[in-house]
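Trainee: got a predicted structure plus its sequence, pasted below:
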Amino acid sequence: MTDNLKIFSSPNIFNIAKTSFSFNDTPYIPNIDFTVLPDLNSCRNLLFMFSPSLYAIHMNILPLHGGLSNQMFIVMFKTHRSLVVKIFDDSTKDLLSREDEIRNMIFADKFACKVLAKFNNGFIYEYRIGEVLKVEHLYIWHIIQKIATKMKKLHSLPLTPDVLTLDNISTRTLKWLELLKYSNFDEEKLDALSSCFCAIEDKINSFTDDNSPNLLRKTFIHGDINVSNVVLDDVEEDVHFIDYEFSCVDSPMFDIANHFCEYGGNDISLKTFPLMETRMFWYSHYFEEDIDVDLHKFDDAIMLYVLKSHIYWSVWSFLKNMRRKVQCEEQGKYVNLSTFDYESYATKRLQALYDHDEYLKILHVNLRNRLLKLFPTT
């Protein structure tokens, strides 16, 4: 059975189970009616349903570590390109649209890995060959240049009607705040986070309205360009972005600001935030020949989006932490209990928000004091 999600043609050795054509011949992604458990045997059964020809091919299946919201397995072959089986975390199904994630990867086309098949609780895609970036890579000038150039190309993709229906950062944050309300999260803390987010949003809107139309532009954005989502391909001498689950249509400035926030990986702090010299170098390669952009004014806007990024991910992390508490109480049901400390990460994000005190002045002093009281610094 197939659905109406189109796939771009790419050479592939596999034949789709229960069909008479190969991936080269079909405009659709096959939908396999199978729910995968997070173990090797279940993945192997899925792969045999995906392509019966795999019975005759030696393959090695290993868990991929590092995913916070999903379980992933890499499927390696001696003579063919590796695949990834991505199993969704059931606790995130109302936080993010998994159909949109697949749609995002198809829309991004050459920027993303090829989606090969869907199943009930995940999908299969081609593995991206290369080295996942480390924090130290972000201080190498030619890699900074490649990331800026690649991000600009991603932001220049023509939008399609399907993509325009995606959530944006603001609607997603408001939805997460609403879900926090029903997760036994402290009401006073929730109100302070909501007020802070709305104040930052108002400031961004007034700033962009008063300045260049370029700041109002909405594009397709990746939404989570941290080091673990950037792969360095030495053969192509290029970088590639992976993991499009947080992609949406929004200001490209959010993508840039969020990338700057995560310069230190999970060590979110002012110490790891790129200096003005680095940011200006980054902007010069992002805009290239566009001499009409006032880079200093653009940087002022970026810094407002930095504040928005910190609130966005702190809300996400508080929500994930509350969900995990519920998960730990469940019995007889698989849940992906990541060892990642969401509560600590949320606190780090708020600490980083406080560190940008020059820009935090956009918040009323009473709101700033309230935040500091409810979420004290360490």
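Mentor: Perfect, thanks for sending it. Numbers count the residues shown, from 1 in each chain.
Trainee: grab the nearest non-local neighbour of residue 346.
Mentor: residue 317 (3.6 Å; CB to CB, 6 or more residues apart in numbering). Any C-beta I mention is one placed from the backbone N, CA and C, and that applies to glycine too.
Trainee: so that neighbour touches residue 345, yeah?
Mentor: Yes: the pair residue 317 / residue 345 is scored as a contact, 4.7 Å apart, by CB atoms under 8 Å.
Trainee: who has more neighbours, the two?
Mentor: More crowded of residue 317 and residue 345, by other CB atoms under 10 Å: residue 317, with 23 against 20.
Trainee: just the pLDDT for that one.
Mentor: As predicted, residue 317 sits at a pLDDT of 94.
Trainee: from residue 182, how far off is it?
Mentor: Residue 317 is 17 Å from residue 182, where distance means CB to CB, to the nearest Å.
Trainee: could you do residue 216 as well?
Mentor: From residue 216 across to residue 182, the span is 34 Å (CB to CB).
Trainee: quick one, which of those two is more surrounded?
Mentor: When residue 216 and residue 182 are compared for neighbours, residue 216 comes out ahead with 11 against 8, by other CB under 10 Å.
Trainee: the more buried one against residue 208, yeah?
Mentor: Yes: between residue 216 and residue 208 there is a contact at 5.2 Å, judged by CB under 8 Å.
Trainee: shared neighbours of those two, which are they?
Mentor: Taking CB atoms under 8 Å, 6 or more residues apart in numbering as the contact criterion, the common neighbours of residue 216 and residue 208 are residue 251.
Trainee: tell me where the stretch 1-150 of the chain has helices.
Mentor: In the stretch 1-150 of the chain, the helices defined using DSSP state H, counting those that start in this stretch lie at 40-50, 98-108, 141-155.
Trainee: the stretch 251-378 of the chain now?
Mentor: Counting by DSSP H, counting those that start in this stretch, the stretch 251-378 of the chain has helices at residues 252-261, 276-287, 295-329, 342-355, 357-360, 365-374.
Trainee: got the contact list for the fifth one?
Mentor: Identification of contacts with helix 357-360 by CB under 8 Å, 6+ apart yields 303-304, 306-307, 353-354, 368.
Trainee: give the buried residues for it.
Mentor: Neighbour-count burial for helix 357-360, counted by 16 or more other CB atoms under 10 Å, picks out 359-360.
Trainee: with just CA atoms, put it into PDB.
Mentor: Presented in PDB, the C-alpha positions along helix 357-360 are these (Å, rounded to 0.1, in the frame of the first residue of the first chain):
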ATOM      1  CA  ASP A 357      21.800  41.100  29.400                       C
ATOM      2  CA  GLU A 358      22.300  43.900  26.900                       C
ATOM      3  CA  TYR A 359      19.400  42.500  24.800                       C
ATOM      4  CA  LEU A 360      17.400  41.100  27.700                       C
END
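Trainee: tell me what the host helix or strand of residue 192 is packed against?
Mentor: Assigned by DSSP states H and E, residue 192 belongs to helix 187-209. Packing partners of helix 187-209 (3 or more CB pairs under 8 Å, 6 or more residues apart in numbering; DSSP states H and E): helix 169-181, helix 295-329, helix 365-374.
Trainee: export the ones you listed to JSON lines and tack on distance to residue 247?
Mentor: Shown next, in JSON lines, are the helices and strands packed on helix 187-209 (distance: least, CB to CB, whole Å):
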{"stretch": "helix 169-181", "distance to residue 247": "11"}
{"stretch": "helix 295-329", "distance to residue 247": "14"}
{"stretch": "helix 365-374", "distance to residue 247": "29"}
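Trainee: among these, which is the most enclosed?
Mentor: Comparing the helices and strands packed on helix 187-209 by mean neighbour count (mean count of other CB atoms under 10 Å), helix 295-329 ranks first with a mean of 20.
Trainee: most distant residue from the middle of this protein?
Mentor: Here the chain reaches farthest from its C-alpha mean at residue 56, the gap being 36.0 Å by CA atoms, centre = their mean.
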